[in-house]
Structures are given as C-alpha cells and as structure tokens.
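[1] following is a predicted model, sequence given first.
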Amino acid sequence: MSIAYSTASALAILAVTATAAAAQSRDNVQIAGSSTVLPYATIVAEAFGENFDFPTPVVESGGSSTGLRRFCEGVGETTTDIANSSRPIRESEIATCAENGVTEIIEVRIGYDGIVFASDINGPSFEFTPADWYQALAAELPMDGAMIANPNTAWNEVNPDLPAQEIAAFIPGTRHGTREVFDEKVILQGCEDSGAYEAILDINGGDEDAAEETCMSIRGDGVSVDIDGDYTETLARISANPEGIGVFGLSFYQNNTASLQVATMNDVVPSTETIASGEYPVSRPLFFYIKADHLDVIPGLREYAEFFVSDEIAGPWGPLAAYGLVSDPELAATQAVVANGTTMDAM
Amino acid sequence: MTQSSSLLTADPRTRARNRAEARFRAFGLAAVITGLAALALLVISVIGNGAGAFRQTYLTIPVTLSADRLDPEGNRDPAEMARVTTFGYAPLLAQSLQMHLQAEGIDLTGVSPQALMGMISQEAPAQVRAMVLANPDILGETLELEMLASGRIDGYFKGRVTLESAERDANVSPAQIRLAQAMADAGMMETRWNWAFLTGPDASDQRPEAAGLGVAILGSLYMIGVVLVLALPIGVAASIYLEEFAPKNRLTDIIEVNISNLAAVPSIVFGILGLAIFINLAGLPQSAPIVGGLVLTLMTLPTIIIATRAALRAVPPSIRSAALGLGASKMQAVFHHVLPLAAPGILTGTILGLAQALGETAPLLLIGMVAFVREYPDMPPEGLFDPASALPVQVYNWTQRADPAFVERAAGATIVLLVFLVAMNLIAVLLRRRFERRW
C-alpha cells in the first residue's frame, strides 16, 4: 500500500511542478548550429555571462543544417533563438521557416573562416595550387579526348615540384559545410585552372552543369578519405599516418601548430591577414541567424547579438580574431543590421 | 577388445578427450585474458591521459587594484564599475605581474607584455572582476591573489608542452616557458590538486585550464534522480501487475514481447520521441534535466521491468501459497512476502539500469543537452527545468575542442564517469550479496 501511495504522490508532485515551471518563462538565450561557429559562440557566451547581468547563453553544436532546422521549427520559448551557420541559409530553409511562422530572420555575418591544408610537422612541406588538388583527387581526368580513371598515386606525379609522397587526403565528409567550400574553391577552381574543364566540355559536347559535376566528383579508391567527425579526428588520422594531408579550419590549425605544418596555396601562407585581404583563396563567411520575434521576449538576446558583433569582440583585436576568426572588414554594417533589427527581406 | 584398459594409463580416446578439454580451457583462459588486457589498456590510457586534469598550475602574485582604472567615475557604484569589462581587467593583471617579477629580480628579456598576459588564464580577469564588484571597498589595495596559469604553461608543468614543442607552437614561446620555470623556482607558481575540475563549470575553447565538470555532474545527478523517482515505481508496479495479477492471454503476451523489443530499441529513438512529445507537445524547456530524465526513464523502464519480473519469478511459489493458505489476500501476499524477498534483485536491476542511463549521450543530443552550459542549475524541483549538461556529454564535447589541453580534460571526465559507474555497480553487487536469499 505504502509503495503505491508514495508512487502516486511522487507522480502528482512531479506533474504539478512540471506545469508550474512550463508556465514560467525562459531567461537564457538558446543557440544551436554549426560546429565551426561553436568555439566562437562559446567564447562570446562566456564573456557575455561574465560581463552582463544575464545568464550565460546555452550553445549547442550539431551542424549548420540541424541548427537551422531547429531554428525553423517555430516561434516560442521552446524553440531556439539563434542558429549558427557556416553557410548562408538556403531558400528551402527560408520557406520551411515561413511555413512554421518564422518570417522575421536577421542575418548576421560575423567574419570569415579560412580552410587550410596541413600535414605532419616532421614531414616535407607542401606548396599547393588548386590544380594539384584537382589532379590528385578527381575521380576521372580528361586524357586525349576521353575520360580516364585518375592514375596519380604520388604527389610528384601530379606536379613534379611536390615531394615524392603518396597521396593520402583526409577531407571533410559531405555533411560538413566545409566540404561545399572545398569542392567549389579548390576542386572546381583547380579543374578550371588546369584546363581540364575545357577538355571535359569538349568531350561531353558542351554541357556545363555536367562538366562541373564531373570536375567535383572525388575518387573513391581510398586515396581520399571522407572525415565525418571533427577536426580532432582528422588530426588523429594524420598522427596515425604521417603521410596524410588533412583539411582543417584556420583556428584549429593555430591551436595545433606544435604538431601540424600548414601548406601554402598559390604561394600564399594562410593567416588571418592573407584571408582578410583575399590573397589566400579558400575561405568562407560565417553567420548566425536571429529570430526577430524573440528579440524583445527573451532577456539578453538583443544584448548578446550586439555584444557578439561589437568591435571589442569581433574586431581585428578582439578575442575571436585571436582564436582564428578573420574579422569582417564591413563589421560596422553588420553592427547596424543588429542594432536596427534589419530582417532578411528588408535588405 | 584385446587390450585391457587401465585406470593408471589412459587409453587413446581418453587422452583425446583430455586434450580437447585442455584446449577448451586454454581458449577460455585466452578469452578472459584478452578481455582483461583490453580493459587494462583502456584504463591505463584513460588514466595516463586524464590524471593530469585533477592537478592544475596556479600562480600567486600581489595585484594592485588601481582605482582610477577600475572605477573611472570614482563613485564606488557597482553599476558604474560594471562598465569596465573583463577586457579592462586583463592588462591590469599583466602589469601587476610585470612589476612583481621586476621587483623579484626575475629576467624578463624576450617576454613582451602581451606574452605576460598570455601566461595568465583568461579566467583570472573574470575572477578578479567578480571579486571587485562584490566588494568595491578593496579598490586601491594590493592583494595577494591566486590565479590559474594559462593552458600551455600548465601543460609545461605536466610534460605536455616542452621547450622544443614551444618553438613550433603559435600559442606559447620558449621565453614564456623559461619564465614559468623561473617563477616556479621562486615559489610563485605551483601545480597542485584541482577541486575546480570537479566543481567548476565548463569553459570556452580559449580557457581549457578553467573547464570543470560541476554543471555536468549536477545535470547527471538530477537526471538520475528523475529516472529513479519515475522508473522504479512505474517499473515495479508494471512488473507486479504483469507477473502476479494479469491474466495470461494474447494481450499480455503482446505486451511482454513489446517490453523485450523496447529494451533493444536504439537509444537515439527515445531522444526523437522526447523532442516530439516533451518539448514540442508538452512545452517543456530545452536542455533541461527534467526532459533528459523523462527520456532516460522511458529508456530504462524495460530494463527495470525485465529485471523485476525475473526477481519476482525467482521467489518460490510455496511462499505465495503459504501466505494465501493462511488467509492473506493476494495483495497482502505480494506486498508482505514476495516483494521483500524480490527486493535485492529489483534493486540490482534498477541500479544497473541507472548506470546505463548515466552513460547515455545519444538520446540527449536531440533534446538540447549536448550543449555548452556554464550556469549551475538551481536546487530541485525548479532546477530540473534549468539548462544543464551531463557527464558523457561533457566527454563528447571536450573531445571535439581544438586545444590539445582538452584531450586531458576529456580523459579526466571519463575517469570521473568510470568512478561513478564502478561505484554504482559495486553497490549493486554489495546489495545482492547482503540481502540475497537462496532456496
């Protein structure tokens, strides 16, 4: 009897507190999204919690697409306020958002992220061009008017100036936003630079879409390995196979310069300066998206967004730049967008 | 058969059987040794990597809290003083460090003021700012303050960073390392036991030295509490009904099969369910231990029901018959006799279920608990609705961080998780030993 009784009362108490607490409002900012933006968002969240009277925002990772899907689930306290993203929001996602009542979205570009190629610190150094990567990783290369399977197995077969080391590439898997940038800014670029794009057009009769597709298809014979995990996994793969070359974010490389050496691209060493000036070719903007309907409902949301893009934080001398974010030269415009709450369709 | 067999000399068939038995024993022993070796390897690598997380390098220096820098208006009004952010406090600390080192006659060649600032954790300005705002009267004084050293300096005293690696490292220079050694020799810097690893909140990627497990441990305890309060009574009630009262028919068979199936459902499915029902439908908050606890309850229920039914079935029918024969009602027989005898088995099953729930990350992924959370949740019951993290989540988060110092943190968190699991399993074993009855 007593057990049944205490069970019933425990359940009753729990149900009452559940309804009571569900009625009380959320007082912390809720953020989800890209794992590339995550370290920056946590740095800002931590400083925000220390310097303001608001609680530290809760930051989830999980990837840009997951973050935007959660963001688009609707308006209300049980949905996230901010989605971090390492790519611009897609039209289809804006449509999903609108269907669920999220029509007012503020797009905030926080800066740029460099994508670098790094290898084991004790191995030879590399000086790449996009064409080298295309010829090393493409599934098929054009040769005398026909497509042949990629025969290259060592870097010096691709380009005689490169070391005679076996090709072993660790590139981000297709679920990463980084992969899109790698495909477009390295592989496709290399395809065009090397003249292969023209050759493919000759072979397929001028179909440009098909040619781009052919350019960006990566060989599947084990020479290139897709990494679906994080950069820590890529680093572990390189320490296990010192001949490997991995794709990393600039900030990750800067934290691990004791075990990695970075390769140049078109003879430019990647750094926050060369990426900001546009000399280093492989970079992409990072964003976060604010649900405008939450701005005056969730305490601290507006302050967090303004704090994030302030010169003190996102400027070239702030902690984000120190961690590896390439600060946006047009930061003042972004600050105005946040201050005025300019939504996307108003732009 | 011409040859007579003897008990003293084994015939060929006996020898073959003996050989087969010896082989089987060897295989069995080899299997056990392989398992133990794998376990030993795991434990050694985790402890080797993670033991360092329980020790941390601190530096103690006199800090002059310059009043005109920290309170420009001079009114000692905490609201005005709060406008000086942590970024304003950092140079102050570096300056105090520089002056103290010069006074102590320690060579500072090759170490710029920025490099000096880089040797102190970024947690320190926040710590000093909180102290000043809490007590504005200490402005203008010079206090002996203990602060965390930055992650790379700490790494040097733990052997993770060396003079050679510092040459190549963008975040630390050999000059800083030499200075740190000089400070340690002068007694200003020491590496000692670090309670903050167990009690402090998580920290961002720039301060691995300050990251702790406090919020994660609280979150895990809250969730386990919710699971215990919900899963144990529901599970036991369901088992007693199914085992003692329910008629044996097609319906109860279907329920039985479903419970066994539920125990084998991948845990992420419970997370999807939790997101759909508890957050989207019931409107419970995200990242809250209550939702985590409810999801883990659903996941643990089948385990507890199966264990409880096995324990009830193990009580001999003669006990029930004797009770009923003396005129007890069926409910009296169950609650006065069968349940107490089955209790050790039920508790063991429950604890094992809780231990399983403690180590789960996947179902927490979708309900927003795999997150960076720095605020401690309040006391329950309100605290159950505040954001919190969990122990396995913290391990997962730290393995993704870029700074190599987080490898040590992740392994340290694994040690803590293992200690919790071992403790729970030990309690289960002890309870069984203490109360188990055999017939």
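    Received, thanks. Numbers count the residues shown, from 1 in each chain, chains lettered A, B, ... in the order given.
[2] test my guess that A:D27 contacts A:V297.
    No. The pair A:D27 / A:V297 is not scored as a contact, 10.9 Å apart, by CB atoms under 8 Å. C-beta: built from backbone N, CA, C; applies to glycine.
[3] the residue in the stretch 151-300 of chain B that chain A sits nearest to - how many residues pack around it?
    Among all residues of the stretch 151-300 of chain B, B:P233 sits closest to chain A, at 3.5 Å; criterion: CB to the nearest CB. For B:P233, the neighbour count with other CB atoms under 10 Å in any protein chain shown is 18.
[4] and if you look at A:W317?
    10.
[5] element containing it?
    Using DSSP states H and E, A:W317 sits in no helix or strand.
[6] check the secondary structure at the spatially closest residue to A:E77 that is not a sequence neighbour for me.
    Of all residues beyond its chain neighbours, the one nearest A:E77 is A:R26 (4.7 Å), with distances taken as CB to CB, 6 or more residues apart in numbering or on different chains. Secondary structure for A:R26, judged by DSSP: H, G, I helix; E, B strand; the rest coil, is coil.
[7] just checking, A:R26 touches B:L284?
    No. A:R26 lies out of contact with B:L284 (CB under 8 Å); the separation is 11.0 Å.
[8] mind listing the helices for the stretch 201-347 of chain A?
    Using DSSP state H, counting those that start in this stretch, the helices of the stretch 201-347 of chain A run over residues A:208-215, A:231-240, A:250-255, A:272-276, A:301-309, A:311-314, A:319-323, A:331-340.
[9] ok, which of these comes nearest chain B?
    When these are compared by CB to the nearest CB, helix A:250-255 sits nearest chain B, at 4.1 Å.
[10] which other helices and strands contact the closest one?
    Helices and strands touching helix A:250-255, by 3 or more CB pairs under 8 Å, 6 or more residues apart in numbering or on different chains; DSSP states H and E, are strand A:105-120.
[11] report the angle between the strand it packs on and helix A:331-340.
    140 degrees (axes from the mean of the first three to the mean of the last three CA atoms, to 10 degrees).
[12] can you tell if strand A:105-120 touches chain B?
    No. Judged by CB under 8 Å from any CB of the partner chain, strand A:105-120 makes no contact with chain B; its nearest approach is 11.9 Å.
[13] that strand to helix A:231-240, inter-axis angle?
    10 degrees.
[14] thinking again about what came up before, and the residue nearest to A:E77, how many residues sit next to it?
    23.
[15] list the contacts for it?
    A:77, A:298, B:285 (CB atoms under 8 Å, 6 or more residues apart in numbering or on different chains).
[16] nearest to B:A16 among those residues?
    B:P285 (69.1 Å; CB to CB).
[17] per-residue pLDDT, residue 344?
    Since you didn't name a chain, this refers to chain A. According to the prediction, A:M344 has pLDDT 83.
[18] my bad, chain B
    The predicted local confidence for B:P344 is 90.
[19] pull the CA atoms of stretch A:148-157 into PDB?
    Included here for stretch A:148-157 are C-alpha records, laid out as PDB according to Å, rounded to 0.1, in the frame of the first residue of the first chain:
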ATOM      1  CA  ILE A 148      40.200   8.000 -67.800                       C
ATOM      2  CA  ALA A 149      40.300   6.900 -64.100                       C
ATOM      3  CA  ASN A 150      42.700   9.000 -62.100                       C
ATOM      4  CA  PRO A 151      46.100   7.300 -62.300                       C
ATOM      5  CA  ASN A 152      48.000   9.500 -59.900                       C
ATOM      6  CA  THR A 153      49.200   7.900 -56.700                       C
ATOM      7  CA  ALA A 154      52.000  10.200 -55.500                       C
ATOM      8  CA  TRP A 155      52.200  14.000 -55.200                       C
ATOM      9  CA  ASN A 156      55.200  14.300 -57.600                       C
ATOM     10  CA  GLU A 157      53.100  12.600 -60.400                       C
END
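[20] which parts of the stretch 151-300 of chain A sit against chain B?
    Within the stretch 151-300 of chain A, the positions near chain B by CB under 8 Å from any CB are A:230-232, A:251-252, A:254-259.
[21] how about 10 Å then?
    A:229-233, A:235-236, A:248-249, A:251-261 (CB under 10 Å from any CB of the partner chain).
[22] for the helices of the stretch 201-347 of chain A, which one ends up most surrounded?
    Of the helices of the stretch 201-347 of chain A, the one with the most neighbours on average (mean count of other CB atoms under 10 Å in any protein chain shown) is helix A:250-255, at a mean of 25.
[23] which stretches of the chain have low pLDDT?
    You didn't say which chain, so I picked chain A. Filtered on pLDDT under 70, chain A yields the residue ranges A:1-24, A:346-347.
[24] I was thinking of chain B, sorry if that wasn't clear
    Counting by pLDDT under 70, chain B has low-confidence residues at B:1-5, B:439.
[25] can you give me the strands for it?
    Applying DSSP state E to chain B gives strands spanning B:55-64, B:142-148, B:189-193, B:371-372.
[26] turn these into TSV, including distance to chain A.
    Formatted as TSV, those follow (distance: least, CB to the nearest CB, whole Å):
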stretch	distance to chain A
strand B:55-64	18
strand B:142-148	14
strand B:189-193	20
strand B:371-372	4
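[27] what would those strands look like in TSV with distance to A:A168?
    Shown next, in TSV, are the strands of chain B (distance: least, CB to CB, whole Å):
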stretch	distance to A:A168
strand B:55-64	38
strand B:142-148	40
strand B:189-193	39
strand B:371-372	34
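[28] state the distance from A:G111 to chain B.
    Separation of A:G111 from chain B (CB to the nearest CB, to the nearest Å): 16 Å.
[29] ok, that residue - contacts?
    A:37, A:40, A:272, A:275-276, A:283, A:285-287, A:309, A:314-316, A:318, A:320-321, A:324-329, A:331, A:334 (CB atoms under 10 Å, 6 or more residues apart in numbering or on different chains).
[30] that one and A:S86: what is the separation?
    Applying CB to CB, to the nearest Å, the value for A:G111 to A:S86 is 11 Å.
[31] same question, B:A310
    In terms of CB to CB, B:A310 sits 50 Å off from A:S86.
[32] adding distance to B:Q400, write the helices of the stretch 201-347 of chain A out as TSV.
    Formatted as TSV, the helices of the stretch 201-347 of chain A follow (distance: least, CB to CB, whole Å):
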stretch	distance to B:Q400
helix A:208-215	32
helix A:231-240	6
helix A:250-255	10
helix A:272-276	22
helix A:301-309	21
helix A:311-314	22
helix A:319-323	15
helix A:331-340	27
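[33] quick revisit: what do A:G111 and A:S86 both touch?
    With CB under 10 Å, 6+ apart as the test, A:G111 and A:S86 both reach A:37, A:285-287.
[34] quick check, nearest of the residues you listed to chain B?
    A:V37 (11.7 Å).
[35] what's the neighbour count on B:A149?
    25.
[36] which bits of the stretch 51-200 of chain B sit near chain A?
    So the stretch 51-200 of chain B meets chain A at B:79, B:82-88, B:90, B:118, B:122-123, B:125-127, B:129-130, B:151-152, B:155, B:160-162, B:164-172 (CB under 10 Å from any CB).
[37] quick one, which of these are buried?
    B:84-88, B:90, B:118, B:122-123, B:125-127, B:129, B:151-152, B:155, B:160-161, B:165-166, B:169, B:171-172 (16 or more other CB atoms under 10 Å in any protein chain shown).
[38] contacts only, for A:E140.
    Residues near A:E140 by CB under 10 Å, 6+ apart: A:146-150, A:196, A:200, A:214-215, A:217, A:219.
[39] do A:R90 as well
    Residues in contact with A:R90 (CB under 10 Å, 6+ apart) are A:64-65, A:68, A:96.
[40] contacts only, for the residue most central in space within chain A.
    Closest residue to the average C-alpha location of chain A: A:S86 at 3.6 Å, with CA atoms, centre = their mean. A:S86 sits next to A:33-38, A:63-64, A:67, A:113, A:176-178, A:180-181, A:249, A:284-287 when contact means CB under 10 Å, 6+ apart.
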